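Asker: take this sequence and fold it.
(one chain, ligands or ions: 1)
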Amino acid sequence: MNCELCGSAIRGEAQAINIDGGIFRVCNSCSRLGTPARVPKPAFVRPTNQSVTSTLSRPQKAKSPPPPSPTFSYDAEEMMLREDYSKVIKSARELLGITQEELGRKINEKPSVISHLEVGSMKPDDVLAKKLEHLLKIELYVSVEDGLASYSP
Ligand SMILES: [Zn+2]
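Answerer: Residues are numbered from 1 along each chain as shown. Predicted coordinates for the structure are as follows:
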């Protein structure tokens, strides 16, 4: 299952936390955002004669819709290499004021690789793109939707 807050896949057991009265099942890193909560198990909630008032104190579902889940993983949805990747890499590198050689050294690639990327004669694979994205603070892989949208004015 996925974290209800950040949308990333939860490995192991989901943490149930309470945020403003709403119960969320979240990943470990998001569990800090709220207080630990017991997830109500509807199967065990049996109406009794005295339960009229107790239903009021039951945790209620948050009224606000869950935040849109950002995509942290390329697997989450279909991602594509943006078509203007060469321009993006080049301008981001120039912004940092480093040469192709320096950039290559930082990501463990030959300067010729950078040069190929910047003229668009070579496409970065996932791993290389990740390194460039991190170092240059850019996005090379975008969701198919965004990739197509970036060409509209
Ligand atoms: Zn999370």
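Asker: for the ion, what are the nearby residues on the chain?
Answerer: 3, 5, 6, 26, 27, 30 (Cβ under 5 Å from the ion). Heads up, the C-betas are built off the backbone N, CA and C, glycines and all.
Asker: of those residues, closest to residue 135?
Answerer: residue 6 (23.3 Å; Cβ to Cβ).
Asker: for stretch 128-139, which positions count as buried?
Answerer: Under the neighbour-count criterion of 16 or more other Cβ atoms under 10 Å, stretch 128-139 has 128, 129, 131, 132, 133, 136, 138 buried.
Asker: dump it to CSV, keeping only the CA atoms.
Answerer: Extracted in CSV, the C-alpha atoms of stretch 128-139 (Å, rounded to 0.1, in the frame of the first residue of the first chain):
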residue,chain,number,x,y,z
LEU,A,128,22.6,9.0,-15.2
ALA,A,129,19.5,11.2,-15.3
LYS,A,130,19.1,10.7,-11.5
LYS,A,131,22.6,11.9,-10.9
LEU,A,132,22.2,14.9,-13.1
GLU,A,133,18.8,15.7,-11.5
HIS,A,134,20.3,15.7,-8.1
LEU,A,135,23.5,17.6,-8.9
LEU,A,136,21.9,20.2,-11.2
LYS,A,137,18.6,20.4,-9.3
ILE,A,138,16.7,19.8,-12.5
GLU,A,139,14.0,17.4,-13.6
